[in-house]
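Asks: next come a sequence and a model predicted from it.
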Amino acid sequence: MIQALFDYQREIYLEVARHLKAFASDGSWFALFAVLPMGVVFGAAHALTPGHSKTLLAAYITGSQVELSRGLLASLALSFTHITLAVLIAVLALPLVSIALGSVGRAPALETLSRGLLGLVGVWMVWRALRGRHDHHIHEGEAVGVMAGLIPCPLTLFVMTYAISRGIPWAGLVFAVAMMAGVAITLGIVVLLAVLFRRGSVAMLERFGSSAAGMATFLEIGTGLILVGAALHQVFR
């Protein structure tokens, strides 16, 4: 299935390049607007591929006890950071792209920073749970989303680079916004499933005599350990 998603992305990318080329040659806004739905689909499909911190986002939502609305804000923050960082690299530091990104379109330094920050959040969650506290800062979820999204989107970077090389950076920016919407849709579904899983797990365990407080502590410690483990894996691999 993953390979099918990659093949589908490649087809969309070629079609996007064709529309952007047409817009660059004749300035047809129809050619640009025709590509926007592709951008949404492109972003949604791209977010299904490995990466994008889906597992870490789902783990945080499951263990942190945040409500659905706050979880959706976290997914929006992740999507915005993930896409915007790629746009900024393309627009402001295009000559440094080959240095900032690896040969396969990855950004090791930013990945390490992202996972390291999430690891600190994990330590905080374990410490908080062991103290018997489950209060959450009002903007904690959004901060986690920003940290998880610090890895720039390579496909947005490729599209922006292509648009800039054709002299139509605004067209690339419009497409990036469409991609952001697609990524946000997929991550929003991940958040919804995580919230439903948490509620179902708590309800089921309460039927067997487990307390809600004890379940909350267990989930928060488990989530913290997952975040710390992801950070250690990134640093020492």
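Replies: The structure has been received and is ready for your questions.
Asks: what about Glu67, how many neighbours?
Replies: Neighbour count for Glu67, taken as other CB atoms under 10 Å: 12. Heads up, the C-betas are built off the backbone N, CA and C, glycines and all.
Asks: from Gly141, how far out is it?
Replies: As defined by CB to CB, to the nearest Å, Glu67 lies at a distance of 9 Å from Gly141.
Asks: repeat that for Arg198.
Replies: Arg198 is 14 Å from Gly141, by CB to CB.
Asks: any common contacting residues for those two?
Replies: Common neighbours of Arg198 and Gly141, using CB atoms under 8 Å, 6 or more residues apart in numbering, are Ile61.
Asks: higher neighbour count, those two?
Replies: Higher neighbour count among Arg198 and Gly141: Gly141, with 26 against 21, using other CB under 10 Å.
Asks: from Ala203, how far off is that one?
Replies: From Gly141 over to Ala203 (counting by CB to CB), the distance is 22 Å.
Asks: helix or strand: which one has Arg18?
Replies: Assigned by DSSP states H and E, Arg18 falls within helix 2-26.
Asks: for that helix, which residues meet the burial criterion?
Replies: Within helix 2-26, the residues scored as buried using 16 or more other CB atoms under 10 Å are 8-9, 12-13, 16-17, 19-20, 22-24.
Asks: how about the helices in the protein?
Replies: 2-26, 29-48, 54-64, 68-92, 97-100, 108-130, 140-148, 154-165, 169-207, 212-236 (DSSP state H).
Asks: kindly reformat these as a markdown table containing mean pLDDT.
Replies: Output for the helices of the chain, formatted as a markdown table (pLDDT from 0 to 100):
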| stretch | mean pLDDT |
| --- | --- |
| helix 2-26 | 71 |
| helix 29-48 | 79 |
| helix 54-64 | 83 |
| helix 68-92 | 89 |
| helix 97-100 | 49 |
| helix 108-130 | 78 |
| helix 140-148 | 84 |
| helix 154-165 | 82 |
| helix 169-207 | 87 |
| helix 212-236 | 76 |
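Asks: gap between the residue lying closest to Gly172 once chain neighbours are set aside and Ile83?
Replies: Computed as CB to CB, 6 or more residues apart in numbering, the closest residue to Gly172 that is not its neighbour in sequence is Ala163, at 2.7 Å. Distance, Ala163 to Ile83, by CB to CB: 14 Å.
Asks: tell me if I'm right that Leu78 and Ser53 touch.
Replies: Yes - if you go by CB atoms under 8 Å, Leu78 and Ser53 touch, sitting 6.4 Å apart.
Asks: between those two, what contacts are shared?
Replies: Contacts common to Leu78 and Ser53, judged by CB under 8 Å, 6+ apart, are 148-149.
Asks: counting neighbours, go ahead and name the busier of the two.
Replies: Leu78 (31 against 25).
Asks: which non-adjacent residue is nearest Ile12?
Replies: Ile12 sits nearest to Phe42 (CB to CB, 6+ apart), 4.7 Å away.
Asks: quick one, what contacts the one you found?
Replies: 9, 12-13, 16, 155, 178-179, 182.
Asks: what's in contact with stretch 161-169?
Replies: Taking CB under 8 Å, 6+ apart as the rule, stretch 161-169 contacts 17, 20-21, 23-24, 90-91, 94, 97, 160, 170-173, 175.
Asks: between which two of those is the distance greatest?
Replies: Phe23 and Val97 (22.8 Å; CB to CB).
Asks: give me the neighbour count for Leu76.
Replies: 19.
Asks: these two touch, right, it and Val183?
Replies: No - in this structure, Leu76 is not within contact of Val183 by CB under 8 Å, at 9.7 Å.
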